[in-house]
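Chemist: Fold the following and give me the result.
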Amino acid sequence: MIRVLIVDDQMMVREGFSVLLGAMPDIEVVGEAVNGREAVAQVAALRPDVVLMDIRMPEMNGIEATREIVAADADAKVLVLTTFDLDEYVYQALRAGASGFLLKDASARQLADGVRVVAAGEALLAPTVTKRLITEFAKAVESPRQPALSQVGELTERETGVLVLIAQGLSNAEIADHLVVAESTIKTHVSRILVKLGLRDRTQAAVFAYEARLVRVGG
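Modeler: Numbers count the residues shown, from 1 in each chain. Prediction:
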């Protein structure tokens, strides 16, 4: 069973997601929180597999809560919920350590699949939405971040190429097809990239690639 904590200041949203996820045979809603501060405490007490995190909440917002949760547990998996697919706060949440995001109008199937993807250790990086969001707010970065530039040098040419494809929203299977190699080889490359760059998952790898200007904004 995938244990989920739902964090949102709107009761109807919490109840709605709880009903949708509770109907899934492999998902259990173990708790709810009404703001970020309560979420941090609930995560420590309940140890959920996935946290569904709203962003705009009183007392402590979802960005601050995500940052605290990830700092306390590097394996914590936060899936951000938002009303807008180009919400600047979502980009900040991804940088804070969230593993991806979903729109609040997602279908029951999309919601459940998103929870499963993140619980499995993958990042929810849908090219149709997340790539657009990252691209939009990467424009705000006037120049490549220096730490990012220095870290890029630690990657091999092939690893850099794989990182670019991750940022473009490709899955391991799609990258393997593109490079004409085995999917297991790509998994190895991805693991090495994350270790070398000190990143948590594919979402942070994509953000890194944009901020280091390895991928053209809007390209």
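Chemist: report the longest helix in the chain, please.
Modeler: helix 183-197 (DSSP state H).
Chemist: and whichever helix or strand comes after that one, what other elements does it pack with?
Modeler: Scanning forward in sequence from helix 183-197 by DSSP states H and E, the next helix or strand is helix 202-211. On a contact count with 3 or more C-beta pairs under 8 Å, 6 or more residues apart in numbering; DSSP states H and E, helix 202-211 meets helix 88-96, helix 130-138, helix 146-152, helix 157-167, helix 183-197. All C-beta spots, glycine's among them, are computed from the backbone N, C-alpha and C.
Chemist: To D73, which of those lies closest?
Modeler: Taking C-beta to C-beta, helix 88-96 is the member of the helices and strands packed on helix 202-211 nearest to D73, at 13.7 Å.
Chemist: What is that closest one packed up against?
Modeler: Short answer (3+ C-beta pairs under 8 Å, 6+ apart): helix 88-96 packs on helix 62-72, strand 78-82, strand 100-103, helix 130-138, helix 202-211.
Chemist: got those as JSON lines, with mean neighbour count and mean pLDDT columns?
Modeler: Below are the helices and strands packed on helix 88-96 laid out as JSON lines (neighbours: other C-beta atoms under 10 Å; pLDDT from 0 to 100):
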{"stretch": "helix 62-72", "mean neighbour count": "22", "mean pLDDT": "92"}
{"stretch": "strand 78-82", "mean neighbour count": "24", "mean pLDDT": "87"}
{"stretch": "strand 100-103", "mean neighbour count": "22", "mean pLDDT": "81"}
{"stretch": "helix 130-138", "mean neighbour count": "20", "mean pLDDT": "59"}
{"stretch": "helix 202-211", "mean neighbour count": "23", "mean pLDDT": "81"}
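Chemist: What separation do you get for the residue of the chain most remote from its centre and G121?
Modeler: Distance from the C-alpha centroid of the chain, by C-alpha atoms, centre = their mean, peaks at V180 (27.2 Å). Using C-beta to C-beta, to the nearest Å, V180 is found at 26 Å from G121.
Chemist: What of F17?
Modeler: Taken as C-beta to C-beta, the span from F17 to G121 is 22 Å.
Chemist: Lowest mean pLDDT among the helices and strands of the chain, which one is it?
Modeler: Every helix and strand in the chain was compared by mean pLDDT, DSSP states H and E; the lowest is helix 130-138, with a mean of 59.
Chemist: what's the helix or strand for L5?
Modeler: Counting by DSSP H and E, L5 is found in strand 2-7.
Chemist: State the next helix or strand along the chain beyond that strand.
Modeler: That would be, after strand 2-7 and using DSSP H and E, helix 11-22.
Chemist: Give me the helices and strands touching the helix or strand following that next one, please.
Modeler: Downstream of helix 11-22, the first helix or strand assigned by DSSP H and E is strand 27-33. Helices and strands touching strand 27-33, by 3+ C-beta pairs under 8 Å, 6+ apart, are strand 2-7, helix 11-22, helix 36-46, helix 108-119.
Chemist: Which residues does the shortest one contact?
Modeler: Think strand 2-7. 14, 17-18, 21, 26-36, 38-39, 42-43, 46-54, 57, 62, 65, 115-116, 119 (C-beta atoms under 8 Å, 6 or more residues apart in numbering).
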